[in-house]
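Q: return a 3D structure for these sequence lines:
(4 chains)
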Protein chains: 2
Amino acid sequence: MAIDLELAPKSKRAAGERCCEPVVYPDVQREQATRMAGVAKALGDPIRLQLVDVLRRHAGKVCVCELVPLFEVSQPTLSHHLAKLRTAGIVDSERRGLWAYYYVRPEALRELSAWLS
Amino acid sequence: MAIDLELAPKSKRAAGERCCEPVVYPDVQREQATRMAGVAKALGDPIRLQLVDVLRRHAGKVCVCELVPLFEVSQPTLSHHLAKLRTAGIVDSERRGLWAYYYVRPEALRELSAWLS
DNA sequence: CTATTACATTGACAAATCTCTCTTCAATCG
DNA sequence: CGATTGAAGAGAGATTTGTCAATGTAATAG
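A: Next up, the predicted model:
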């Protein structure tokens, strides 16, 4: 998966020569890398990672008001983190009356997970 | 893995009552979350993710001079990204003469990978 | 209708990021 | 030695991020 090119390990430099010849950049995989990096970036904050963890381990949907007391940040800050996860496609939410229930979209993590393992 | 607490889905609000009672925060898993978030954050850039991809798929060690032409950024910028990956523990490097060879430390990705799958 | 409650949005600000150019360092060649 | 080369470091600038207080919005209770 991802980039595909030959990179021969260097052993010796010929006198006066450049170390490496330019290599073609396989633009094909850039999209995929950008997509996965986006997911990784969204997970790149302890609070957001724990949010995803809680939501995943609860399989069902979890009310925001139950998430807020788990973290030592204000409610708007948590809302901001949830929005970030939503933008990244990792979670989605559903409003029921006053409450907003969040849940993980497992397929969003699949590509990164597969690449990592 | 990670956070451990009960979160009962809410269905109705009792008059005049708060939505949720405070819940104990299991500080135990914070370290782990921080660790994994650190790794995810380091992977949260398309260039760095592709760097890791190239290095992983080459199993061996890859010279920086072979990496630079793969990306449309300057050599110091790439060096900065490699340093970031090194700080996160994802890669390590080895100097041989003029060249610096980078390689992935697979164990650094293991925890996050396991959590994701 | 009015008050309250759950959640999101806005605006602000410090800190971190990503990128560059310029410079430095270390190793090799001649 | 002096010149050259691969790679890292030091600023600097623009953008993004994480956080909060204050406000806005929609729904429910009374």
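
Q: show me the shaky parts of chain A.
A: Residue ranges of chain A with pLDDT under 70: A:1-28.

Q: show me the contacts for the residue nearest in space to the middle of chain A.
A: Central residue of chain A (CA atoms, centre = their mean): residue A:39, 1.7 Å from the mean position. Residues near residue A:39 by CB atoms under 8 Å, 6 or more residues apart in numbering or on different chains: A:88, A:89, A:90, A:108, A:109, A:111, A:112. (Glycine included, C-beta is placed from N, CA and C.)

Q: now residue A:93
A: Contacts for residue A:93 were tallied using CB under 8 Å, 6+ apart; they are A:82, A:86, A:100, A:101, A:102, A:103.

Q: name the element the second one belongs to?
A: In other words, residue A:86. Using DSSP states H and E, residue A:86 sits within helix A:75-87.

Q: and that helix, what's buried?
A: Neighbour-count burial for helix A:75-87, counted by 16 or more other CB atoms under 10 Å in any protein chain shown, picks out A:78, A:81, A:82, A:84, A:85.

Q: how about those residues in JSON lines, adding distance to residue A:71?
A: As requested, the buried residues of helix A:75-87 are exported to JSON lines (distance: CB to CB, whole Å):
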{"residue": "A:78", "distance to residue A:71": "6"}
{"residue": "A:81", "distance to residue A:71": "9"}
{"residue": "A:82", "distance to residue A:71": "11"}
{"residue": "A:84", "distance to residue A:71": "14"}
{"residue": "A:85", "distance to residue A:71": "13"}
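
Q: could you list which of those also contact DNA strand D?
A: Near DNA strand D, judged by CB under 7 Å from any atom of the strand, the entries from the buried residues of helix A:75-87 are A:81, A:84.

Q: against residue B:56, how distant is residue A:92?
A: For residue A:92, the distance to residue B:56 equals 31 Å [CB to CB, to the nearest Å].

Q: swap in residue A:31?
A: Going from residue A:31 to residue B:56 by CB to CB gives 19 Å.

Q: more crowded one of the two?
A: residue B:56 (18 against 10; other CB atoms under 10 Å in any protein chain shown).

Q: do you know how far the more buried one is from residue A:30?
A: Counting by CB to CB, the gap from residue B:56 to residue A:30 is 17 Å.

Q: if we can go back for a sec, could I have the CA atoms of the helix holding residue A:86 written out in CSV?
A: Below are the C-alpha coordinates for helix A:75-87, written out as CSV (Å, rounded to 0.1, in the frame of the first residue of the first chain):
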residue,chain,number,x,y,z
GLN,A,75,-18.1,21.8,27.8
PRO,A,76,-17.4,24.0,24.8
THR,A,77,-13.9,22.6,24.6
LEU,A,78,-15.2,19.1,24.6
SER,A,79,-17.8,20.1,22.0
HIS,A,80,-14.9,21.4,19.9
HIS,A,81,-13.1,18.1,20.1
LEU,A,82,-16.3,16.2,19.2
ALA,A,83,-16.7,18.5,16.2
LYS,A,84,-13.2,17.8,15.1
LEU,A,85,-13.8,14.1,15.3
ARG,A,86,-17.0,14.5,13.4
THR,A,87,-15.3,16.5,10.7
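
Q: now for that helix, which elements pack on it?
A: For helix A:75-87, the contact count by 3 or more CB pairs under 8 Å, 6 or more residues apart in numbering or on different chains; DSSP states H and E identifies helix A:30-42, helix A:46-57, helix A:64-67, strand A:91-96 as packing neighbours.
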